[in-house]
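> fold the following for me, if possible:
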Amino acid sequence: MFRLLLVDDEMEILDGLSTIIPWDHYDIELCGLAHNGIQALDMVERTLPHIVLTDIKMPNLSGLELIKKIGDIDATIKCVILSGYDDFSYAKQALLLRAVDYLLKPCMPGDILQAILKCVAQIKKEQSQTELVDDYIQKLDDSSGYVKQKLILDLLSAHTEHETLSCELIGMLPWMKDEKLIVALFYFEKSDNTPINTPYILNEIKKIISCYIPSEHFEIVWYIDNIVLVGRDIDIKTNDILEKIKYAASEQMNYLIYIGVSQTNTLDDLYASYKSAVQSLTKIYAKKKKSAYSPLIRTAIKYLEEHFTEELTLELISSQIYITPSYLSALFKQEVGMNFLDYLHHHRILKAKDLLKNVTLKSYEVAAKVGYKNEKHFFATFKKYTDMTPSQYRSSIV
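As a prediction, the model looks like this:
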């Protein structure tokens, strides 16, 4: 069965979540009910749940802080956020922390169950891929290949004795000692959403990488839906070589490929470097997806980002691209994932954050420069999207 931990500081909600859905019918057992983030963290360490459903606003340790710490304990644990805050900044942070879903209170039991079953599906997929990869690795001609890959996988997790592992790995791969290392994540996607053939990808990508990097100077492993390359950094040539590998692999294997890159000077920092590469990949993936918007939405976003300092309305932008406001509203929500007004405010607040770095600018001046004529409206909107006032934000960065 799949173990589920429920976390919420409101007892009524916690009791409701535990009883309103017949979890055992879906092969899910409740391994704990936690009333706050600290208690939840203790339960995670003791019970190692497969899935955690958590509130976002809790005393002492918030839901976002909790899932970050859970990721440090075991990156395979799936997390779902249940929040009373329709705030894009929270949803974005949850995405960066690899939350599977972000649900808004009040939420129907069916929506909660769907999110949890989505986690179960991901876990089953990863378990299946792990079995395939293990079978693939066992068949490698090099008898030490499995051991090397197992050591790298252990180093990529956060709950291992890194010093001992590093010494063992350096003993097998001397080039890793006193070398600047590169950690590159390859994320593969099929345009038709067909399943990824993991053993095939591992075999083919290793052949392609070997054409550009000596095979004795890199290792690859499959880890949490990505191929992770750990290799010798080639300084200024690294990005060029990775682009060539990406192009060759895309052409040969017919996959869309996204790459996130980070560097480290020591094997002991491999986990931190891996997390940095994940963040890099997330930003690149989001940027690429943005370019996939329809021409109408790209035009609308371009106009919004060029005129955000002016008084903008859905009606004004729809007139610029010759469609009705209602059609633009529906299309914008469908493709971008948020409504037009949220996107406008989010863009203005991002610009305001940049301007607040300049301590000579007054808050009302910043407000005017990003399109808010009413200073109180600016303060309220900034607080809504960042959970801080402009002055609090400025103090946190200066």
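> show me the residue at the heart of this protein, geometrically.
L96 (3.3 Å; C-alpha atoms, centre = their mean).
> return the backbone torsion pair for the closest residue to I123 other than its chain neighbours.
Leaving aside its sequence neighbours, I123 sits nearest to H50 (C-beta to C-beta, 6 or more residues apart in numbering; 5.7 Å). Yep, even glycine has a C-beta here, placed from its N, CA and C like the rest. Note on H50: backbone dihedrals following degrees, to the nearest 10 are phi -80, psi -30.
> still on that earlier bit, tell me the SS of the closest residue to the residue nearest to the centre of the chain other than its chain neighbours?
Once flanking residues are discounted, L96 sits nearest to T282: 5.8 Å by C-beta to C-beta, 6+ apart. Three-state assignment for T282 (DSSP: H, G, I helix; E, B strand; the rest coil): helix.
> if I look at Q127, how far off is M338?
Going from Q127 to M338 by C-beta to C-beta, to the nearest Å gives 33 Å.
> same check, this time on Y327
17 Å.
> could you check which of the two has the larger neighbour count?
M338 (15 against 11; other C-beta atoms under 10 Å).
> you'd agree the more buried one is up against H346?
Yes - using C-beta atoms under 8 Å, M338 and H346 qualify as a contacting pair, with a distance of 7.5 Å.
> C-terminal to the helix or strand of the chain with the lowest mean pLDDT, what's the next element?
The helix or strand with the lowest mean pLDDT-type score in the chain, counting by mean pLDDT, DSSP states H and E, is helix 162-172 (a mean of 59). Later in the chain than helix 162-172, the nearest helix or strand by DSSP states H and E is strand 181-189.
> return the alpha-carbon coordinates of that following strand using PDB.
Output of strand 181-189 as PDB, limited to C-alpha atoms (Å, rounded to 0.1, in the frame of the first residue of the first chain):
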ATOM      1  CA  LEU A 181      32.800  18.800 -12.000                       C
ATOM      2  CA  ILE A 182      29.700  19.500 -14.100                       C
ATOM      3  CA  VAL A 183      26.200  18.200 -13.200                       C
ATOM      4  CA  ALA A 184      23.800  18.200 -16.200                       C
ATOM      5  CA  LEU A 185      20.200  17.100 -16.100                       C
ATOM      6  CA  PHE A 186      18.600  15.900 -19.400                       C
ATOM      7  CA  TYR A 187      14.800  15.900 -19.300                       C
ATOM      8  CA  PHE A 188      13.100  14.000 -22.200                       C
ATOM      9  CA  GLU A 189       9.700  14.700 -23.500                       C
END
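> how far off centre is it?
14 Å (C-alpha atoms, centre = their mean, to the nearest Å).
> what of stretch 92-110?
12 Å.
> okay, that stretch in PDB with CA atoms only?
What follows is stretch 92-110, C-alpha atoms only, in PDB (Å, rounded to 0.1, in the frame of the first residue of the first chain):
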ATOM      1  CA  LYS A  92       5.600  29.100  -8.200                       C
ATOM      2  CA  GLN A  93       7.600  28.200  -5.100                       C
ATOM      3  CA  ALA A  94       5.700  24.900  -4.800                       C
ATOM      4  CA  LEU A  95       6.600  24.100  -8.500                       C
ATOM      5  CA  LEU A  96      10.300  24.800  -7.900                       C
ATOM      6  CA  LEU A  97      10.100  22.500  -4.900                       C
ATOM      7  CA  ARG A  98       8.700  19.800  -7.200                       C
ATOM      8  CA  ALA A  99       5.200  19.700  -5.600                       C
ATOM      9  CA  VAL A 100       2.900  17.500  -7.600                       C
ATOM     10  CA  ASP A 101      -0.200  19.700  -7.200                       C
ATOM     11  CA  TYR A 102      -1.400  23.000  -5.700                       C
ATOM     12  CA  LEU A 103      -5.000  22.800  -4.500                       C
ATOM     13  CA  LEU A 104      -7.100  25.800  -3.300                       C
ATOM     14  CA  LYS A 105      -9.400  25.600  -0.300                       C
ATOM     15  CA  PRO A 106     -12.300  25.000  -0.200                       C
ATOM     16  CA  CYS A 107     -11.600  21.900  -2.200                       C
ATOM     17  CA  MET A 108     -13.900  19.000  -3.300                       C
ATOM     18  CA  PRO A 109     -12.900  15.500  -2.000                       C
ATOM     19  CA  GLY A 110     -12.800  14.300  -5.600                       C
END
